[in-house]
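**Q** For reference, the sequence and a predicted model appear below.
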Amino acid sequence: MHIAVAGNIGAGKTTLTTLLAKHYGWDTHFEDVDENPYLLDFYDEMQRWSFNLQIYYLNSRFTQIQDIRQNTKNVIQDRTIYEDAFIFAPNLHSMGLMTSRDFENYFSLFNLLESFISAPDLLIYLRASVPKLVQNIQKRGREYEESIRLDYLKRLNERYEAWISTYDRGKLLIIDIDNNSFNENQEDLGKIINSIDAELHGLFIEK
């Protein structure tokens, strides 16, 4: 079974992925941040490196999905291949940070790769306001994220909401992070686990 956690920068995807993996005994696939060869350059010069970064993520996530589908264990994934295609890449294009030529090339490749993959059995979307995202970003203190602008986070949030409102690839669970401190409060984490248990029960019945 493939579970995925989606959400904006600073929503708490990695933290929740870690906690749920520990609780359920799931294998994990994390977003490649520390080893990403383009990320620092991208935040320093977005227009120059946007296409390179998105192609890197597309390759990385496609490889992850292949590994997940070959795994006999249940797996939880930090961020999905769809978020790059429907949120990050279109946002860069609309902001003038990726040319139409590069965006069309990227999306054509995504459409091809998507024909070879399956969507997660359960998608967990972490919904958070921009102030909450900023608070979380500041807490973790990644130097390259200090230059992220509020309007950039706001645009991403708008695209996330538009994507989630039409998501129909599988089961969906939405968690409001503004009202759930799962990283600090065991009771809040328990509420998420109870919601996931209800969704997973349905998945096991269907299979």
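**A** Ah, there it is.
**Q** Name the spans of this structure whose pLDDT lies under the cut-off.
**A** 33, 143-145, 147, 203-207 (pLDDT under 70).
**Q** go again using 80 as the cut-off
**A** Scanning the chain for pLDDT under 80 picks out the ranges 32-34, 140-149, 202-207.
**Q** could you pull out the helices for the protein?
**A** 13-24, 39-44, 46-70, 81-83, 89-94, 100-114, 130-140, 150-165, 186-206 (DSSP state H).
**Q** Pull the number of nearby residues for Glu187.
**A** Neighbour count of Glu187, defined by other Cβ atoms under 10 Å: 9. Placement of C-beta: from N, CA and C, glycine included.
**Q** Give me the residue at the spatial middle of the protein.
**A** The centroid of the chain falls nearest to Arg79 when counting by Cα atoms, centre = their mean (2.5 Å).
**Q** and that one, what does it touch?
**A** Ala4, Val5, Ala6, Gly7, Lys13, Glu31, Arg61 (Cβ atoms under 8 Å, 6 or more residues apart in numbering).
**Q** Identify the residues contacting the second one.
**A** Just to be clear, that refers to Val5. Lys13, Leu16, Thr17, Leu20, Ile76, Gln77, Asp78, Arg79, Ile124, Leu126.
**Q** ok, so of those residues, who is nearest Trp49?
**A** Arg79 (18.7 Å; Cβ to Cβ).
**Q** distance of that closest one from Leu112?
**A** Distance, Arg79 to Leu112, using Cβ to Cβ, to the nearest Å: 20 Å.
**Q** cool, Pro90 as well?
**A** Distance from Pro90 to Leu112, by Cβ to Cβ: 17 Å.
**Q** quick one: which of those two has more around it?
**A** More neighbours surround Pro90 than the other of Pro90 and Leu112, with 19 against 10 (other Cβ under 10 Å).
**Q** Spatially nearest residue to that one (excluding sequence neighbours)?
**A** Distances taken as Cβ to Cβ, 6 or more residues apart in numbering place Arg159 nearest to Pro90, at 6.7 Å, with adjacent residues excluded.
**Q** swap in Ser60?
**A** Per Cβ to Cβ, 6+ apart, closest to Ser60 is Asp32, 5.3 Å.
**Q** Verify the stated contact: the one you found with Thr63.
**A** No. Shown here, Asp32 and Thr63 do not form a contact pair, counting by Cβ atoms under 8 Å, at 9.9 Å.
**Q** So which of these two has more stuff around it?
**A** Asp32 (17 against 12).
**Q** count of neighbours near the nearest residue to Arg140 once chain neighbours are set aside?
**A** In space, Arg140 comes closest to Gly10 once its chain neighbours are excluded; the distance is 7.7 Å by Cβ to Cβ, 6+ apart. Per other Cβ under 10 Å, the neighbour tally for Gly10 reads 23.
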